[in-house]
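Undergrad: Here is my input; please provide its structure:
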Amino acid sequence: MDFISIAGLLTGVIAILVGQVLEGGHIGSLVQPTAFMIVMGGTFGAVMLQSPWRVFKLGFRMLVWVVRPPVRNLHFMIEQVVVWSGVARREGLLALESRISAQPDPFIQKSLQLLVDGIDPERIREVLEVDIDAWEADLKTAAKVWESAGGYAPTIGILGAVLGLIHVMENLTDPSKLGAGIAVAFVATIYGVGSANLFFLPVAKKLTLIIGQLVTARELVLDGVMGIAHGDNPRLIENRLLGYLPQHR
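TA: Numbers count the residues shown, from 1 in each chain. The predicted model follows:
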């Protein structure tokens, strides 16, 4: 669980609500279902228009990563690579075939299979680098769903404000309806700007950071596999892969 994400969101929201109270306002005045519907509906409608369904769906599935990022234990991965290297040096590359099915990660399975098949090391690098680049591009495209939402939300908030002011102008002769229209106008702007800067854009940045960490994990595997393919000493491979750990950089 990534508690700093939850703490950050709560801190931002609470700061705004406390500021509203300290200024003499009421929290209830910030609750406007109509404004919320305009901003959120308009924002996600625009995002859906620009995104293929597969990308849109993947972007929403990745939202959980903000609080539960995918686990990539780099220490364990380095240990695995060192074990594979030792097996390959003692028994040959074919001995790694029995370990392929035990790997839950398709990328690791593919890497070991290329080793077992005796593919030229440079060809292995080419294949795996293409795999990493395509996978990274796919994830970043999905993460941009939230970045796009952060771009559209403030503008849709202004649109909601204009709609609220139109409602006010239509009811100038009825003072009882002016308050609701003005409230929707200003709260819609708050929802648009607030959701973009407190949620949508931070989520996009956090997902980009997590994607970078996942790519680093795959690059670690690629580096280790290349060491095995070249017949490097397991200790040398381990020392090189330790450079991927933050505390060793």
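
Undergrad: And the closest residue to Phe199 other than its chain neighbours, how far from His26?
TA: Nearest residue to Phe199 in three dimensions, chain neighbours excluded: Leu9, at 6.9 Å (Cβ to Cβ, 6 or more residues apart in numbering). Yep, even glycine has a C-beta here, placed from its N, CA and C like the rest. The spacing between Leu9 and His26, counted by Cβ to Cβ, to the nearest Å, is 22 Å.

Undergrad: swap in Pro234?
TA: Taking Cβ to Cβ, one finds Pro234 at 66 Å from His26.

Undergrad: neighbour-wise, which of these two wins?
TA: The neighbour comparison of Pro234 against His26 (other Cβ atoms under 10 Å) goes to Pro234, with 20 against 9.

Undergrad: Confirm for me that that one is in contact with Gln80.
TA: No - with contacts counted by Cβ atoms under 8 Å, Pro234 stays clear of Gln80, the gap being 11.6 Å.

Undergrad: what's the overlap in contacts for the two?
TA: Shared contacts of Pro234 and Gln80, defined by Cβ atoms under 8 Å, 6 or more residues apart in numbering, are absent.

Undergrad: Contacts made by the host helix or strand of Leu9 with the rest, please.
TA: According to DSSP states H and E, Leu9 maps onto helix 3-22. With Cβ under 8 Å, 6+ apart as the test, helix 3-22 has contacts from His26, Ile27, Ser29, Leu30, Val66, Val67, Gly194, Leu198, Phe199, Pro202, Lys206.

Undergrad: swap in stretch 108-119?
TA: Against stretch 108-119 from outside (Cβ under 8 Å, 6+ apart): 84, 88, 93-94, 96-97, 99-101, 103, 123-124, 127-128, 131, 221-222, 225, 228-229.

Undergrad: and these, which are buried?
TA: Neighbour counting by 16 or more other Cβ atoms under 10 Å classes 84, 88, 93, 96, 99, 103, 124, 128, 131, 221-222, 225, 228-229 among the contacts of stretch 108-119 as buried.

Undergrad: quick one, what contacts the most centrally placed residue in the chain?
TA: Residue closest to the mean C-alpha point of the chain, counted by Cα atoms, centre = their mean, is Leu207 at 1.9 Å. Leu207 makes contacts with Met62, Trp65, Val66, Leu139, Ala142, Ala143, Trp146, as judged by Cβ under 8 Å, 6+ apart.

Undergrad: On the three-state scheme, Gly24 is what?
TA: Under the three-state scheme (DSSP: H, G, I helix; E, B strand; the rest coil), Gly24 adopts coil.

Undergrad: picking that back up, quick check: the gap between the residue nearest to the centre of the chain and Gly224.
TA: 26 Å.

Undergrad: Tell me how this structure divides into domains.
TA: Following the assignment in automatic domain parsing, the chain carries domains at 1-29, 32-74+121-248.

Undergrad: Near Phe3, how many other residues are there?
TA: When neighbours are counted by other Cβ under 10 Å, Phe3 registers 8.

Undergrad: Ok, Gly231 next?
TA: Quick note: Gly231 (other Cβ under 10 Å) scores 11 neighbours.

Undergrad: Against Thr43, how distant is it?
TA: 55 Å.

Undergrad: In this protein, spot the helix with the most residues.
TA: Under DSSP state H, the helix in the chain containing the largest number of residues is helix 121-170.

Undergrad: so what secondary structure elements neighbour it?
TA: helix 33-50, helix 53-61, helix 106-116, helix 178-195, helix 201-229 (3 or more Cβ pairs under 8 Å, 6 or more residues apart in numbering; DSSP states H and E).

Undergrad: Among those helices, single out whichever gets nearest to Gly150.
TA: Closest to Gly150 of those is helix 201-229 (Cβ to Cβ; 3.7 Å).
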